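Trainee: Sequence plus predicted model, see below.
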Amino acid sequence: MSKPRSVLASIDPQMVIEGADVKLRRSISPRVSNLYDPFLLFDHFAFNDPVEGPIQGFPTHPHRGIETVTYMLEGNVRHRDSLGNAGIIGPGDVQWMTSGRGILHEEMPRRGDTGVIYGFQLWVNLPAALKMSQPRYQEVSAAQIPAVEAEGAKVRVVAGDVHGLRGPVTEIAADPVYMDVQLQPGASFTQPVPAGHTALVYLFEGSGTLGGDAASALRMLVLTDGDEITAQASADGMRFMLMAGAPFHEPIMPYGPFVMNTREEIQQALVDLRNGTFVEAGSALVNE
């Protein structure tokens, strides 16, 4: 018999400033307590007020020991990095970056035709055995992300499986589920999730119930353990990002853009950055 997950906690996103004066709604951030293992951070960014002026974005910065996931709904992010990659993450696209032992990159948001920028960034931890692995990217265009539509529900599957349809992002240590779920008024959605996996829902449009518990946007919802996630939209419909993954049960030591397992590893990352050995010899940001 299935065990539906209910809402354990509801988090009100807080406005923070990151990069070059970028406003973000942050629901979770890296903490030694590691409450949402394997998930470390979730940011909701939107630049929709003309008084914000020019968008500065995120100039060159390092990462080590984590995976960063950028999912765009509107507008785009121009990026370049020390691996020699450069490109644009546009509406509906996903970039899943595994920083591993170290990467330097730049992310510069730009408004789309509607004048809006709207998207999310998720950080996923790497286990100790992979924290110093080779960096890599999985770039997925909107056209490559499968969508399942049935009975008023539309699900875009970035990672994980819905009714036998598998998302294009694979070979991730946390065995994650990452989905964009949109429900019309009154529509319902059910997704199996292995018991013991952490499950989070970021509800960013509308309202409804999750596991029978009422919820409305904008909220990050932490779900109880169980083997099934159920949602039903109210009269205004609902849309949310669903994240689930296997916890690593390892201690973490976060410091800015680094998440390692010990203080000594953080100190080594800073030494590598100062000495110019943070990325492989010959690596440099490419020019677009």
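Mentor: Everything's here; your move. Remember, predicted model here, so these are calculated numbers, not experimental data.

Trainee: can you tell me how far the residue nearest in space to the middle of the chain sits from residue 26?
Mentor: For the chain, the residue lying nearest the average C-alpha position, counting by CA atoms, centre = their mean, turns out to be residue 122 (2.0 Å). Here the distance between residue 122 and residue 26 works out to 12 Å (CB to CB, to the nearest Å). To be clear about C-beta, it is placed using only N, CA and C from the backbone, and glycine gets the same treatment.

Trainee: Repeat that for residue 160.
Mentor: Distance from residue 160 to residue 26, by CB to CB: 24 Å.

Trainee: more crowded one of these two?
Mentor: Taking residue 160 and residue 26 together and counting by other CB atoms under 10 Å, residue 160 has the greater number of neighbours (22 against 18).

Trainee: Any buried residues in the lengthiest strand in the chain, and which?
Mentor: Counting residues, the longest strand found in the chain (DSSP state E) is strand 228-245. Within strand 228-245, the residues that count as buried by 16 or more other CB atoms under 10 Å are 229-234, 237-245.

Trainee: Next: stretch 206-213.
Mentor: Neighbour-count burial for stretch 206-213, with 16+ other CB under 10 Å as criterion, is recorded at 206, 207, 208, 209, 210, 211.

Trainee: wait, which of the residues you listed is closest to residue 274?
Mentor: residue 210 (46.1 Å; CB to CB).

Trainee: so what's the closest one up against?
Mentor: Contact partners of residue 210, counting by CB atoms under 8 Å, 6 or more residues apart in numbering, are 5, 6, 7, 201, 203, 221, 223, 229, 230, 231.

Trainee: just to revisit the earlier point, flag whichever of the buried residues of stretch 206-213 scores worst on pLDDT.
Mentor: Model confidence across the buried residues of stretch 206-213 bottoms out at residue 211, which has 93.

Trainee: From residue 4, how far out is it?
Mentor: The span separating residue 211 from residue 4 equals 5 Å under the rule CB to CB.

Trainee: Touching both of those two, which residues are there?
Mentor: Overlap of the contact sets of residue 211 and residue 4 (by CB under 8 Å, 6+ apart) consists of 226, 229, 230.

Trainee: nearest to residue 179, of those?
Mentor: Within the shared contacts of residue 211 and residue 4, proximity to residue 179 (CB to CB) peaks at residue 229, which comes in at 9.9 Å.

Trainee: give me the beta-bridge partners of the closest one?
Mentor: Taking DSSP bridges, one obtains residue 191 as the residues bridged to residue 229.

Trainee: wait, it sits on residue 194?
Mentor: No: at 11.2 Å, residue 229 does not count as touching residue 194 under the criterion of CB atoms under 8 Å.

Trainee: shared neighbours, the two?
Mentor: The contact sets of residue 229 and residue 194 overlap at residue 244 (CB under 8 Å, 6+ apart).

Trainee: In PDB, list the C-alpha atoms belonging to stretch 198-215.
Mentor: What follows is the C-alpha trace of stretch 198-215 in PDB, where atoms were taken according to Å, rounded to 0.1, in the frame of the first residue of the first chain:
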ATOM      1  CA  THR A 198      14.300  13.900   0.400                       C
ATOM      2  CA  ALA A 199      11.400  15.600  -1.400                       C
ATOM      3  CA  LEU A 200      10.800  19.300  -1.800                       C
ATOM      4  CA  VAL A 201       8.100  21.300  -3.800                       C
ATOM      5  CA  TYR A 202       8.500  24.900  -4.700                       C
ATOM      6  CA  LEU A 203       5.000  26.200  -5.400                       C
ATOM      7  CA  PHE A 204       5.300  29.300  -7.500                       C
ATOM      8  CA  GLU A 205       1.900  29.700  -9.000                       C
ATOM      9  CA  GLY A 206      -1.700  29.200  -7.700                       C
ATOM     10  CA  SER A 207      -2.700  26.900  -4.800                       C
ATOM     11  CA  GLY A 208      -4.000  23.500  -4.000                       C
ATOM     12  CA  THR A 209      -3.100  20.500  -1.800                       C
ATOM     13  CA  LEU A 210      -0.100  18.300  -1.400                       C
ATOM     14  CA  GLY A 211      -0.700  15.100   0.400                       C
ATOM     15  CA  GLY A 212      -4.000  16.600   1.500                       C
ATOM     16  CA  ASP A 213      -2.400  19.600   3.100                       C
ATOM     17  CA  ALA A 214      -3.400  23.100   1.700                       C
ATOM     18  CA  ALA A 215      -0.700  25.200   0.200                       C
END
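
Trainee: Break down the stretch 1-150 of the chain into its strands, ranges please.
Mentor: Counting by DSSP state E, counting those that start in this stretch, one finds strands in the stretch 1-150 of the chain at the ranges 7-11, 14-18, 22-28, 39-46, 58-63, 66-74, 76-81, 86-89, 94-98, 103-110, 118-125, 136-140, 147-150.
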